[in-house]
Structure formats: C-alpha cells, structure tokens
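Peer 1: Pasting a predicted model and its sequence here:
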Protein chains: 2
Amino acid sequence: MSTIRDVARLAGVSTATVSATLSGTAFVSEPLRARVREAVEELDYSPHGVARSLKSGSTRLIGLVIPDVTNPFFTEFVHAFGALARGDGYSMLLGVTGFDAAREREAIALLRMQRVDGIIACPGANADPYNESFAIGSRPAVVLVDNVPVGVNVDSVVLDNYAAAFVATTYLLDRGHVRVATVTGPSVSLPGRERIRGFQAALAARGIPFDPRYVVSGNFLEEDSRRALGDLLSLDPRPSAIFAAGNLMLVGVMRGLHEAGLSVPTDISVAAVDDFPWATAFRPALTTVCQPVAAMAEHAMRLLRARIAGDVSPPTRIELSASLVIRDSVAGLPQAAF
Amino acid sequence: MSTIRDVARLAGVSTATVSATLSGTAFVSEPLRARVREAVEELDYSPHGVARSLKSGSTRLIGLVIPDVTNPFFTEFVHAFGALARGDGYSMLLGVTGFDAAREREAIALLRMQRVDGIIACPGANADPYNESFAIGSRPAVVLVDNVPVGVNVDSVVLDNYAAAFVATTYLLDRGHVRVATVTGPSVSLPGRERIRGFQAALAARGIPFDPRYVVSGNFLEEDSRRALGDLLSLDPRPSAIFAAGNLMLVGVMRGLHEAGLSVPTDISVAAVDDFPWATAFRPALTTVCQPVAAMAEHAMRLLRARIAGDVSPPTRIELSASLVIRDSVAGLPQAAF
DNA sequence: CTCGGCCACCTTATCGTTTAGCCAACGGCG
DNA sequence: CGCCGTTGGCTAAACGATAAGGTGGCCGAG
C-alpha cells in the first residue's frame, strides 16, 4: 500500500502539495495538480484514513447501538439512519446488544475507544451503560432514541408512546369493545411504561374500570407474548380485543390466537403500536399505530450533528407522534355489548 | 480526553510500561501494574484506538457491504455476522448500497480508506466495483457472499441456488402441478441465473416442455413481482403453481394473488426460495427453501480470518445447500391434472 | 533600483500509540 | 571477585497524514 510520500516522490512534489491537492485546502497550480493526480492514479493511492483521523481529530464515524437488528423497527431505523449518515459523509459502526446491559456497556466502551464522532443509542432498558460517562459536553456526542432511561441527561428522540397507546386503545373502545386486554413490554423501559399508561388512560377516559388481570407482560418478545396470551384467553370473561404494545408482541399474539383456533377479527380483535412492513401481508391486515421512523432518524442525526459541531446547550427531548393505520384486524361490536 | 502520557505521569512510570500493562505484551511487576490501573481508573483513560491502529497496522474493523438491510435475508446475515465479528473482537462497519454499482464502489473505496482489516460484500449484481482492485494478496481481504459476479477471483460463500430452485420446483411437480410458472430475479446476478437454471432443469427432468411465457422477471423486488404476476395470471391456460425465486418476490406474488381474488393454495399454489421469519405468519404459511444464513456467515468469517492472517492460497468457493420447508401454500392436484 | 508582499511550494512538528533497543541492577557461577 | 545473563523498566523512533510556519522568486510600487 502506497503512502502520500510515494505519491509525492513520484510526482516530484512535497507531501504537503499532495495533501493540498487531494483535500483542496490550499491552492496548487494546474501542472502540479495534474502530476499529483497522475501519480495517485499510477500508484492506486488511497489516503490512510486512520492517520488522517489521528491528525485531524475526527474519524467521520458514527456508532449506532441497537438491541436487535431483526426487529423491524430497528431494521428500519438502521436503514433510515444509514442513508442520512452516508449523506453527511459518515460511516456507520453497528453494535447489536441483544438487550444485555453488559454488551451495551462493551459496545459503548468500544465506540469510545474507536473515537467515533458520535453515538446514536437505543438503550435496551437499564440506564447503567449510560448514566456514568455521558453528559452534554463530553465526547463522543450521544443521542438516545426510542428508549430513554431515567436520569440520563442527553438529547433524545422518542415516540409519544403515551398518545400512541391511547389512540390504539381508544380505537378499540370506539368500535364497541369493553373487555380490552393488553400485552405489554417491561415497565423499566420508557415505551413499556408509557404504553401501559396510555392504555390505562384510554380506559379511564371511558370510565371503564381497570382490571389488572387484563394486563400481561410479553417483554417485547414474540415468544413471551404467545405464552402470555394464554393467560388472557383463559380469563372469564375473555377479552374481546387485545392491544399489543409492540410489533413482535403483536406477531406473538397473532400466532397464539391462530394456535388457539380463534379467528381475527371475528372472534377477537387486535390492534398494536409499531407498524411493520408485512403488517399488510397478514390476513387480516393488521391495524397498528405507525412510528415515524424516518423522522426519528432525521431528528437524531440533526441533534447529533449539532453536538459534534460543539453545541453545549441543555439537552433537547424530541417527542414525535404516531399515526393510526386502520386495517382489518378490529371488528365493530354491536351496541348490545355495552 | 487523557492520553497514555497522562496515565504514565500520574502513575510515575513510562508510557511503555502503561502500554505493556494494558496490553499484557510484556511483564510488569505487580506494584507498578497496580499504580497504572489506579491511574487509568482515576483519569477514566480509554486507549486511543486510532493511534493504536495507525501504529499496529490493524483497525480491528470489518466492513459489511449489503444491498438492502430491510431484506430479511440480509437482516439475518447482518445479525449472524455481527455476532461472529464481535466474538472475534472486530467491530462492524455497515454499508448499504441499494443495488447501485456507484454506491457500491463508493462503499468499497471508503472501507479501503478506513483501512478495515477485511470486507464481506454481497454484490448487487455488477462486477464493476470488484474486479479491479480485488485479488488474493491485496488489502483489505475480501469475501463475497450470496452473489458472485463473473470474473471476480476471491473467496466466496454462496447458496447452491441451482439445487434450491430445483428442489422447490420439483416439489411443485411432485404435488401434481404441470403448469408451473416462475417469477425470477435478473440473470446478471448469480442467484438469478442459477435459480432459473434450476427451475428449468426440474421441468426438463420431468419432460415438461419449457414455455418462456411462464418465466417473468420480478427483479428480486416486491413491487416488480406484483406487477409481473399480472402477466402470468392473464395467460391461458393459467399456471396452477408459481415458483418465486426470492423472498421479496414471494411477498409480491402473495400480495398480487390476494388482489386478484385468488386464494392460496386452493386456486393456485406457491413455493419460493429464501425463507424468512414471518413466512409462518402468512395464511397459509408459506412453503419455502431455507438458506443456511448462520452457516454462511460462519464460513465467510472463517475465510476472512484466514485471509487477514495472511493466507494467500487460491480462492475458495463454498457452496451450501438449502433445505425445503414444507408448509401450507402448495396444494396437491388430482392425478387427472396430468 | 530596492524593498515589501504575495504566491506557490516545501519543511517539519504533531496527533497517541507500540515496540525495538538500551540500560541499570542483581544474582549466580566459575 | 569479576563476568554475564536476566529481569524490569525507560527512551525514542516509527506509523501516515495535516497544517503551521518558512522560503525562494517574482512583481509592483516608491
């Protein structure tokens, strides 16, 4: 692999001239520029990014930390954010933590060592990996997305989870359902907490008494949700509608319902927060509340850019609202059901 | 941010001693090691990975280049490969190219500049970005996965696409179907080419004449496939079974069939290569041929490790076989249909 | 005619590590 | 008692690029 000195030698100029030609930071006469370009071509020279980073103090690297790539929400986020990062000339370092605090800590430590310019993190649940070394002025800059542990004081971009759950639940109530149950995520996580809160608030707004047996935890996981659904179905009276507080939990619920021989929406209605690409591939197509993933990525990138540029103003919290996508998984109940 | 010199000063030792303590490359007496550790703790010192890479000549970075994260095959591959890379102490730089040769070239150039230790690439179609600068001895090491453009002479890991298509098609024939059509990918890509070949070979093995009208291109894309399906359905006689040569194309076919009011498998049967997580969520659950994604990732990592370590033996081509997963989207035809 | 300024380029210190090479002290052995 | 190998740590030279500062040559102005 050839260095800038080889190029300089071949072109008969100094390394500074090569550097200036390549980066355009200083004026270089046309003949020299031509010779430099020729030498670069000849040697197939590629600047040593590592050396450049060391000297310049910027790696043009952004770390993206997520719990699970295969979860459609995060897949979509990687997709959206990747495009934005590329557009800004950043490369993306992907860390997958599997909802494990230790791995999260490791990932963060590694990114710190790599001297990435910024980190976008979607915390699993625990605040542990974050509350220590993250503050507004510190490097690398951090923006939290989706889940924000309590006590972590940096920029964040989240869904208005409360409203999302409220809207979904209210839609079920509007269609005449009264016995509405929910499969929720763990309440240590912000979305888990807020979505339960939104669910309960929607019931309360209609004066429907809250029955704790109608709330089971699916841990944001498909398999756990399928199991938890069993408890719900064995209840008497059985719920006529289920609100799933996350996409994977929705899939688990649908699977469990199918196994139980119940058909949607004839026997039981289903709605959820978190849309995903193949919600329309299900039969019936699933009614969900859709997160504005692209907008979340854009806000995250914008906040991060500002921090990287040196902004030290107090943390911003961006809360985006979701939109209800009505499909075919919720049936209307006759008024008699009231 | 504190440097190794700060640590050395605080601990009252030389930088070499700090380095030796941290990396364990040389023996350091217990008292000094303790003082070093203490100083590291005190200063919250994190080694400067960039400087380390510059000096050591290794970045512990692997670039992963894929056309599309949201395609379940690649999502799964990112997931599997990410875990392996992490296990080997590598970080993963993700580049998404959108099947665009120019972006592919850019991604490769960027990774070369970043001086990644190795690259795992899933080429979109074209050989352009690869055939130039990639050869066995060159850096970074490269392993191609999924699609291998002709004329590129490096290690590769691919599915036995021919056999996969053959198996899926033969399954349809076994169930009594004769008018079997296919929605294929572009034949510039290896999987596209080979899967058509396998499809045709399966027909030929049964002495069924090949009708070119029964082959339409879905470009590996959902939307294109949905449209292409229209041509197939307007044929007379209409095919009784469809072989989709990729997961997204399968989804497009299912969507198109649903829109046309055709029910699967009663009116028409469907099989495909490329399994995906929610193939079981469809009604009916989809019969597919499943790629051994985890094994592919393992082989790719193994080959790459060897090349990084300096192996210069001739390129290896690993071809893994797929397995038929029988679900509910294929109906048996009465013998009368023969 | 001379001098200052600017243009176009070169020289060189620097980023933070690693590591080869060096040195002092110490102990064993002839 | 002197020699030498070993042990444990230090000094300093890279790694490859950037950019601050330096240097001729040339031109215009006084």
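Peer 2: Nice, I can see it.

Peer 1: drop to CA atoms for contacts and neighbour counts, all remaining ones
Peer 2: Fine.

Peer 1: Give me the residues contacting stretch A:44-59.
Peer 2: A:1-4, A:7, A:40, A:60, A:115-117, B:50-51, B:53-54, B:112-115 (Cα atoms under 8 Å, 6 or more residues apart in numbering or on different chains).

Peer 1: If any of those residues are buried, give me the ChimeraX selection for them.
Peer 2: Listed next is the ChimeraX selection for buried residues among the contacts of stretch A:44-59, using 16 or more other Cα atoms under 10 Å in any protein chain shown:
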select /A:4,7,40,60,115,116,117 /B:50,51,53,54,112,113,114,115
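
Peer 1: so of the contacts of stretch A:44-59, which ones are in helices?
Peer 2: Judged by DSSP state H, the subset of those located in helices is A:4, A:7, A:40, B:50-51, B:53-54, B:112-113.

Peer 1: check the residues you listed against DNA strand C, which are close?
Peer 2: B:51, B:54 (Cα under 7 Å from any atom of the strand).

Peer 1: Let me have the ones in helices among the contacts of stretch A:44-59 in a markdown table, adding pLDDT as columns.
Peer 2: As requested, the ones in helices among the contacts of stretch A:44-59 are exported to a markdown table (pLDDT from 0 to 100):
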| residue | pLDDT |
| --- | --- |
| A:Ile4 | 95 |
| A:Val7 | 94 |
| A:Val40 | 95 |
| B:Val50 | 97 |
| B:Ala51 | 97 |
| B:Ser53 | 96 |
| B:Leu54 | 96 |
| B:Arg112 | 95 |
| B:Met113 | 96 |
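
Peer 1: Looking at the ones in helices among the contacts of stretch A:44-59, which is nearest DNA strand C?
Peer 2: Proximity to DNA strand C was ranked across these by Cα to the nearest atom of the strand; first place goes to B:Ala51, at 4.3 Å.

Peer 1: what about that closest one, distance to A:Thr70?
Peer 2: 34 Å (Cα to Cα, to the nearest Å).

Peer 1: same question, A:Gly98
Peer 2: Distance, A:Gly98 to A:Thr70, using Cα to Cα: 10 Å.

Peer 1: Between the two, which is the more surrounded one?
Peer 2: A:Thr70 (19 against 14; other Cα atoms under 10 Å in any protein chain shown).

Peer 1: didn't A:Pro334 look like it was pressed against A:Asp174?
Peer 2: No - if you go by Cα atoms under 8 Å, A:Pro334 and A:Asp174 don't touch, sitting 11.4 Å apart.

Peer 1: Which one of the two is surrounded by more residues?
Peer 2: A:Asp174 (13 against 10).

Peer 1: Can you list phi and psi of that one for me?
Peer 2: phi -60, psi -30 (degrees, to the nearest 10).

Peer 1: how much space is there between A:Val167 and chain B?
Peer 2: 25 Å (Cα to the nearest Cα, to the nearest Å).

Peer 1: now swap in A:Gly89 and tell me
Peer 2: 10 Å.

Peer 1: which residues touch that residue?
Peer 2: Neighbours of A:Gly89 in contact, by Cα under 8 Å, 6+ apart: A:Arg60.

Peer 1: State the three-state secondary structure for it.
Peer 2: Classification of A:Gly89 using DSSP: H, G, I helix; E, B strand; the rest coil returns coil.

Peer 1: For it, give its distance to A:Ala83.
Peer 2: 10 Å.

Peer 1: hey, what's in contact with both of those two?
Peer 2: Common contacts of A:Gly89 and A:Ala83 (Cα under 8 Å, 6+ apart): none found.

Peer 1: Packing partners of the lowest-mean-pLDDT helix or strand in chain A?
Peer 2: The helix or strand of chain A with the poorest confidence is helix A:128-131; it has a mean of 72 (mean pLDDT, DSSP states H and E). Contacts defined by 3 or more Cα pairs under 8 Å, 6 or more residues apart in numbering or on different chains; DSSP states H and E place helix A:128-131 against helix A:101-114.

Peer 1: partners of the helix or strand following the helix it packs on in the sheet?
Peer 2: With elements assigned by DSSP states H and E, the helix or strand that comes after helix A:101-114 is strand A:118-121. According to DSSP bridges, strand A:118-121 forms sheet pairs with strand A:61-66 (parallel), strand A:141-145 (parallel).

Peer 1: count of neighbours near the closest residue to A:Phe99 other than its chain neighbours?
Peer 2: Using Cα to Cα, 6 or more residues apart in numbering or on different chains and skipping the chain neighbours, the partner closest in space to A:Phe99 is A:Gly124 (4.5 Å). If you count neighbours by other Cα under 10 Å, A:Gly124 ends up with 23.

Peer 1: How about A:Leu172?
Peer 2: A:Leu172: 26 neighbours (other Cα under 10 Å).

Peer 1: hmm, who's touching the least confident helix or strand of chain A?
Peer 2: Contacts for helix A:128-131 (Cα under 8 Å, 6+ apart): A:101-102, A:104-105, A:108, A:151-153.

Peer 1: check which helix or strand covers A:Leu324.
Peer 2: Per DSSP H and E: strand A:323-325 holds A:Leu324.

Peer 1: which helices and strands does that strand pack with?
Peer 2: Against strand A:323-325 (3+ Cα pairs under 8 Å, 6+ apart) you get helix A:161-174, strand A:287-290.

Peer 1: got those as JSON lines, with distance to B:Glu298 and mean pLDDT columns?
Peer 2: Output for the helices and strands packed on strand A:323-325, formatted as JSON lines (distance: least, Cα to Cα, whole Å; pLDDT from 0 to 100):
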{"stretch": "helix A:161-174", "distance to B:Glu298": "39", "mean pLDDT": "97"}
{"stretch": "strand A:287-290", "distance to B:Glu298": "36", "mean pLDDT": "97"}
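
Peer 1: just to revisit the earlier point, now the strands paired with strand A:118-121 in JSON lines, with mean pLDDT, distance to B:Arg283 and mean neighbour count?
Peer 2: JSON lines is the format used below for the strands paired with strand A:118-121 (pLDDT from 0 to 100; distance: least, Cα to Cα, whole Å; neighbours: other Cα atoms under 10 Å in any protein chain shown):
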{"stretch": "strand A:61-66", "mean pLDDT": "98", "distance to B:Arg283": "31", "mean neighbour count": "26"}
{"stretch": "strand A:141-145", "mean pLDDT": "96", "distance to B:Arg283": "34", "mean neighbour count": "26"}
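
Peer 1: just so I know, which of the ones you listed lies nearest B:Met301?
Peer 2: strand A:61-66 (21.7 Å; Cα to Cα).

Peer 1: sorry, back to before: tabulate the contacts of helix A:128-131 in a markdown table, adding columns for neighbour count and distance to chain B.
Peer 2: As requested, the contacts of helix A:128-131 are arranged in a markdown table below (neighbours: other Cα atoms under 10 Å in any protein chain shown; distance: Cα to the nearest Cα, whole Å):
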| residue | neighbour count | distance to chain B |
| --- | --- | --- |
| A:Ala101 | 19 | 15 |
| A:Ala102 | 13 | 13 |
| A:Glu104 | 26 | 12 |
| A:Arg105 | 15 | 13 |
| A:Ile108 | 22 | 12 |
| A:Gly151 | 9 | 21 |
| A:Val152 | 19 | 19 |
| A:Asn153 | 19 | 19 |
